[in-house]
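>>> Attaching a predicted model along with its sequence, questions to come.
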Amino acid sequence: MTIFRLVRVAFACFAFIQSFQLSAAAIYPIESASILAGSKFDIKIELDDVVTLEDVTVRLNSKPIARDAIFISNESGKGSSITYRDVQLNRAGKYVLSATSPKQSLQVSWDVYKSGPRRVKNVILFIGDGMTIANRTSARVLSKGIYEGRYQGKLAFDDMPNMALIGTSGSDSLITDSANSMSAYTTGHKTAVNAMGVYVSRAEDNLSHPKVETIVEIIKRNTKMSVGIVSDAELQDATPGAMVSHTRRRADKSYIAEQLFASGAEVILGGGSAYFYPQSIKGSKRKDEKDLIGQFKSDGYQVVFTKEQLMSASNSNSTKKVFGVFHPDNMDGSLDRFFLKKNTVEQYPNQPDLTDMTKSAIDVLSKNPNGFFLMVEAALIDKFNHPLDWERAAFDTIMLSNAVQIAKDFAKTHPDTLIIVTPDHTHSGSISGVIDDAKPGPLRERVGVYADAGYPNYPKADVNGYPNQIDVSKRLAYFYGNYPDHYETMHPKLDGTFKPAIKGDGGKYVANPKYIQLQEDAIHIGGNLPSHQDVGVHTADDAVLNAMGPGSEKFRGFMDNTEVFKVMVDSLGLGQK
């Protein structure tokens, strides 16, 4: 073979490899997807070439798909696409979908599974958003105390009999966000960062990507159960949004608010009132005149705006549906509401606690003899982990424990209840020792490690598990593993949530000078994140899930986050025909 022929062959091989690498052809659901029998989902086939519908042969287990298709000749200038909406596969087994055009051949295989018979009447899913191991440990130190190496009590989910490590990565990235990680819990399908209830395709419109049915939709379509959605974040935030929504972008908050109403969930409680009011109302964040508050009222919901109104509504035997919004944005955390009175507590003094919302939800939902599914999110654990404010995150982990105890008390008289407590993802963070103000020298020299750590001197917690003082002389040395530039004070932020970085020259984030002005010995920490990040980020560390009740024995070892959905629908018998 001559040198010129070798060169031509090399170029041909390179061109083939390059064309293969640049191929954007795809089938959704993706390879190895697990699909609940009878659930609804969209099939989408994306080709690289522009063809006619007649040019494409689509087969499912070697048989043509006998249903109408949505065909786009050249979608987004990237090739033809074919979509089949609301497909249902009722028989369990292996399925192979193939699509062949004159220039391409694509194939994926799926596992369609049925559930067993219904084993539980109620499922209560608690999400400690972003809760990592150190959040649990710090909450236990503060609320229970530790003496001679032994904790003097446990968090409510510490003694649940079943536990699993949960992998949280999404379809596009090792690191997840709350949208796609929660979507895995609610649909059993993987998706991409910022997406919920859809597979991310080449569609340009956020709402046109191939959809997968959520557990709320399956329950409402197939059963007479009630549904509750509770969060101390905006109700349009990723975790509650993933219960009901199908969008490529979690920022579609007006749409998510509409989907909350359309879901038919009997109990909806949380923040985010700004997206339920028409734009003509002061404080509204909508871009239209839809009045969702009015729609909830017209649909028979008891609509409440304060803790007192919520408790009154839930205590009434006549209340079957309740909608409550208690803050235009995210609600305030327990450290601020109960002790410091910072952030927006003075503006919104009548916010209920997560425990109040949990109890009210259970009181209303348990009136249904057909059972209920309730999701409760302690969202602020994540909201405080991001800005490296571990004390506030610890207090809200204590609050989550208190809410879980309410569910456990309910389960004592209703043993046919499955309770699950899990993060949707994790944050960095660990306890390295104890900071002792009595030690001499610079701030870093006051960190005691190993035998020099000893124990912190937080006061004994109150009946609800909260110590009334956190700026004590011997404090936990809690450090995050990823961070922007910031000043480390090693003290709790008593004047409001920590804001580690602010935008500087050139748009890059720099350490917030406020904290060196407040504390002269604060240590400047150079960030280990990209300079466009102003807070800490999520991690790929495994999430720790705890569970009790019928079906909880299936949580063991390491599991993928999509398997949490599988356990819930199996326990509820939602894949039975």
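Nice, I can see it.
>>> What about the closest residue to residue 284 other than its chain neighbours, how many residues nearby?
Take residue 284 and drop its neighbours on the chain: the residue closest to it by CB to CB, 6 or more residues apart in numbering is residue 277, 4.2 Å away. C-beta coordinates here come from the backbone N, C-alpha and C atoms, glycine included. Number of residues near residue 277 (other CB atoms under 10 Å) recorded here: 22.
>>> Could you grab the helix/strand/coil label for residue 277?
Following DSSP: H, G, I helix; E, B strand; the rest coil, we place residue 277 in the coil state.
>>> ok, it touching residue 286?
Yes - counting by CB atoms under 8 Å, residue 277 does reach residue 286; the two are 6.7 Å apart.
>>> what sits up against stretch 95-108?
By CB atoms under 8 Å, 6 or more residues apart in numbering, the residues outside stretch 95-108 that reach it are 25-27, 29-33, 43, 45, 47-49, 51, 55-62, 80, 82, 89, 109-112.
>>> Quick one, which of those residues are buried?
25-27, 29, 33, 43, 45, 47-48, 51, 56, 58, 60, 80, 82, 89, 110, 112 (16 or more other CB atoms under 10 Å).
>>> any weak-confidence spans in this protein?
1-23, 577 (pLDDT under 70).
>>> count of residues packed around the nearest residue to residue 457 once chain neighbours are set aside?
Distance criterion CB to CB, 6+ apart; nearest residue to residue 457, sequence neighbours excluded, is residue 474 at 4.4 Å. For residue 474, the number of neighbouring residues by other CB under 10 Å comes to 19.
>>> now residue 482
17.
>>> Against residue 167, how distant is it?
Residue 482 is 19 Å from residue 167, where distance means CB to CB, to the nearest Å.
>>> picking up where we left off before, tell me the spacing between the residue nearest to residue 284 and residue 283.
Residue 277 is 7 Å from residue 283, by CB to CB.
>>> go on, residue 27?
From residue 27 to residue 283 the distance is 45 Å (CB to CB).
>>> Equivalent analysis for residue 101, please.
52 Å.
>>> With residue 143 instead?
For residue 143, the distance to residue 283 - CB to CB - is 35 Å.
>>> correct me, but residue 142 touches residue 394?
Yes - using CB under 8 Å, residue 142 makes contact with residue 394 at a distance of 5.5 Å.
>>> can you give me the strands for the stretch 1-150 of the chain?
For the stretch 1-150 of the chain, applying DSSP state E, counting those that start in this stretch gives strands covering 26-28, 34-36, 40-46, 57-60, 63-64, 70-72, 81-88, 93-100, 105-113, 122-128, 146-147, 150-151.
>>> okay, those, which one's buried deepest?
strand 122-128 (a mean of 27; mean count of other CB atoms under 10 Å).
>>> Which neighbours in the sheet does that strand have, and how are they oriented?
strand 372-378 (parallel), strand 417-422 (parallel) (DSSP bridges).
>>> Show the subsequent helix or strand relative to the shortest one.
Reading on from strand 417-422 to the C-terminus, the next helix or strand found by DSSP states H and E is strand 426-427.
>>> And that following strand, how far out from the chain middle?
Taking CA atoms, centre = their mean, to the nearest Å, one finds the center of strand 426-427 at 11 Å from the center of the full chain.
>>> about what we covered before: buried deepest among the strands paired with strand 122-128, which one?
strand 372-378 (a mean of 28).
>>> Tell me the strands beside the host helix or strand of residue 524, with direction?
When elements are assigned from DSSP H and E, residue 524 belongs to strand 523-525. Within its sheet, strand 523-525 is paired with strand 486-488 (antiparallel), according to DSSP bridges.
>>> Residue ranges of each domain in this structure, please.
24-113, 122-203+212-428+542-571, 430-525 (automatic domain parsing).
>>> winner for burial among those?
Sorting those by mean neighbours (by mean count of other CB under 10 Å), the first place falls to domain 122-203+212-428+542-571, with a mean of 22.
>>> That domain spans what distance, first to last residue?
One end of domain 122-203+212-428+542-571 sits 9 Å from the other (CA to CA, to the nearest Å).
>>> returning to what we had before: next, format the domains of the chain as a markdown table and append distance to residue 532.
Output for those, formatted as a markdown table (distance: least, CB to CB, whole Å):
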| stretch | distance to residue 532 |
| --- | --- |
| domain 24-113 | 27 |
| domain 122-203+212-428+542-571 | 15 |
| domain 430-525 | 7 |
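>>> Of those, give the one that comes closest to residue 535.
domain 122-203+212-428+542-571 (4.2 Å; CB to CB).
>>> Please, where are all the helices along the stretch 401-550 of the chain?
Here the stretch 401-550 of the chain has its helices, by DSSP state H, counting those that start in this stretch, at 514-518.
>>> Show me the strands in it, by range?
Using DSSP E, counting those that start in this stretch, strands in the stretch 401-550 of the chain cover 417-422, 426-427, 430-436, 447-448, 474-479, 486-488, 501-503, 509-511, 523-525, 538-539, 543-548.
>>> Turn the ones you listed into JSON lines, columns for distance to residue 361.
Formatted as JSON lines, those follow (distance: least, CB to CB, whole Å):
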{"stretch": "strand 417-422", "distance to residue 361": "13"}
{"stretch": "strand 426-427", "distance to residue 361": "26"}
{"stretch": "strand 430-436", "distance to residue 361": "33"}
{"stretch": "strand 447-448", "distance to residue 361": "42"}
{"stretch": "strand 474-479", "distance to residue 361": "32"}
{"stretch": "strand 486-488", "distance to residue 361": "38"}
{"stretch": "strand 501-503", "distance to residue 361": "37"}
{"stretch": "strand 509-511", "distance to residue 361": "39"}
{"stretch": "strand 523-525", "distance to residue 361": "41"}
{"stretch": "strand 538-539", "distance to residue 361": "27"}
{"stretch": "strand 543-548", "distance to residue 361": "19"}
